[in-house]
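Undergrad: Fold the following and give me the result.
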Amino acid sequence: DSNSIDESFIASKTSNFQAFKSSFDTFSWDEIEHDSGISRSMIETVAEYCRDSKATIACWAMGLTQHRNGVSVIQEVVNLLLMGGHIGRPGAGVCPVRGHSNVQGDRTVGVWEAPTEAFISKLEDGLKFEMPRKHGYDVVNSIRAMENGDVDVFISMGGNFLSATPDTRRTANALQQVGLTVQISTKLNRSHLVTGKTALILPVLGRTEVDIQESGEQFVTVENSMSVVHRSKGNLKPASSMLMSEPSLVAELGLRLCPDVLQWDKFSRNYDLIRDLMAESLDGFEEFNRRVRQENGFLLPNPPRDSCDFDTETGKAMFTVHELPDVKVQKDHFVLMTIRSHDQYNTTIYGLHDRYRGVHGNRRIVFMNALDMSEHGLKTRDVVHITSHYNSELRTSNNWFVVPYEIPRGNLAAYFPEANELVPLDSTATISNTPTSKWIEVSLSTSEVNVSEEE
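TA: Residues are numbered from 1 along each chain as shown. Got it, this is the predicted structure:
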């Protein structure tokens, strides 16, 4: 009804609302309840909260992105916000939650396999040399390229590529086809053990360590999920006096590989000079050095938030229309998602105590609805093998302990990165090409090895 939506905002700031509204007639509540695992009454309760809210922020993370229809799901979240006029309003808007310290900042400054022409042109204006136009590889396509023999050198700036990526065995085989793999790292990890034909590990300072260069103590900058750019400065004694910083190492590589392009050596001596160059090359980074030294850094521009301006064909926010996805699986199959534990940060496991879920001492756990367990004759701590099914491909991971958990029927959960070997490389989200780690069709088989609940 008209009291549930912001008609003025919809009329002045959006397009395609009528098509979006008409699409509701194609859905049935039976289908919605079955496919979502959520009751109509619960959905209507949440809808009432949204209707009564004067300012709504929608937050999401990989629980939405890592599905085949991940992009359309997020577009539906935006549709919900647009109906209430919750864009460009204080205390409202979209809030994608990133799990890594600077993943948003990476994209802002061009760490992307397919930058736009406008972005490249701005870079060229600041850097004063011509940039390549050919797009590179995202993670999934880089793995495919490696296994096809199309990658001669793989350089990983931090991270744990092997453990973070899907289809662990296939990724490992792909890495081993590369002529040279280089890991620029602050800590040892699994990726250092599965390498190309020649491999280098280049240890560097972490952000928690003091970074002293020729001009004095340095700091780097990061962008948080609220688009705030701020300083990051270490205060710990470096693990070794021989460690280089990441900026210094990159500058040294540039000096060796293309010495005539930039004055690389000066950048390693004083990071302010890097930021001066960024100020000339990136929109939103004007007066970078001055602004980042403010107490809380500075906020990057965001036209929808700042002025309700939208860079679309219509100049308005666009409602999108989608069909419900096909979520059917074979009889006696389940949908598995990968999850993290309490004492885990990405691929770094700090311990074996998942306080979130009351699990201690083991990560080889598959969480299952108690009714599903009973129906399939399973007891707590029974050992099962998990097989994922994608087209005609099967991937099996052995010896997982079954644990009952409050999870919708037909669904399972297991820890990342241990369960990554079950995620097919070719099962990705439409448009984004993100691995579908929250939607893996699997079956279970029992193991002869069992541990009683009393143990």
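Undergrad: Give me the domain ranges for this structure.
TA: 2-97+308-318, 103-301, 334-446 (automatic domain parsing).
Undergrad: Off-centre distance for the second one?
TA: What separates the centre of domain 103-301 from the centre of its chain is 17 Å, taken as Cα atoms, centre = their mean, to the nearest Å.
Undergrad: Likewise for stretch 320-329?
TA: On Cα atoms, centre = their mean, the centre of stretch 320-329 falls 22 Å from that of its chain.
Undergrad: before we move on, what about stretch 20-31?
TA: Worked out by Cα atoms, centre = their mean, stretch 20-31 lies 30 Å from the chain centre.
Undergrad: Run through who's touching the lowest-mean-pLDDT helix or strand in the chain.
TA: Lowest mean confidence among the helices and strands of the chain (mean pLDDT, DSSP states H and E): helix 103-108, at a mean of 89. Under the criterion Cβ atoms under 8 Å, 6 or more residues apart in numbering, residues Arg98, Trp112, Thr221, Val222, Glu223, Asn224, Ser225, Ser227, Val229, Leu282, Gly284, Leu300 lie in contact with helix 103-108. C-beta: built from backbone N, CA, C; applies to glycine.
Undergrad: Cross those against strands and list the overlap.
TA: Secondary structure from DSSP state E places Thr221, Val222, Glu223, Val229 of the contacts of helix 103-108 in strands.
Undergrad: List just the nearest of the residues you listed to Gly361.
TA: Distance to Gly361 across the ones in strands among the contacts of helix 103-108 (Cβ to Cβ) is lowest for Val222, with 34.9 Å.
Undergrad: Which residues are in contact with that closest one?
TA: Ser101, Asn102, Gly105, Val229, His230, Ser232.
Undergrad: now the residues you listed in JSON lines, with neighbour count and distance to Gln176?
TA: Shown next, in JSON lines, are the contacts of Val222 (neighbours: other Cβ atoms under 10 Å; distance: Cβ to Cβ, whole Å):
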{"residue": "Ser101", "neighbour count": "16", "distance to Gln176": "30"}
{"residue": "Asn102", "neighbour count": "19", "distance to Gln176": "29"}
{"residue": "Gly105", "neighbour count": "21", "distance to Gln176": "32"}
{"residue": "Val229", "neighbour count": "21", "distance to Gln176": "39"}
{"residue": "His230", "neighbour count": "17", "distance to Gln176": "40"}
{"residue": "Ser232", "neighbour count": "12", "distance to Gln176": "35"}
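Undergrad: and Thr396, what does it touch?
TA: Counting by Cβ under 8 Å, 6+ apart, the residues that Thr396 touches are His385, Ile386, Thr387, Ser388.
Undergrad: host element of the closest residue to Pro90 other than its chain neighbours?
TA: Leaving aside its sequence neighbours, Pro90 sits nearest to Ala55 (Cβ to Cβ, 6 or more residues apart in numbering; 6.6 Å). Assigned by DSSP states H and E, Ala55 falls within no helix or strand.
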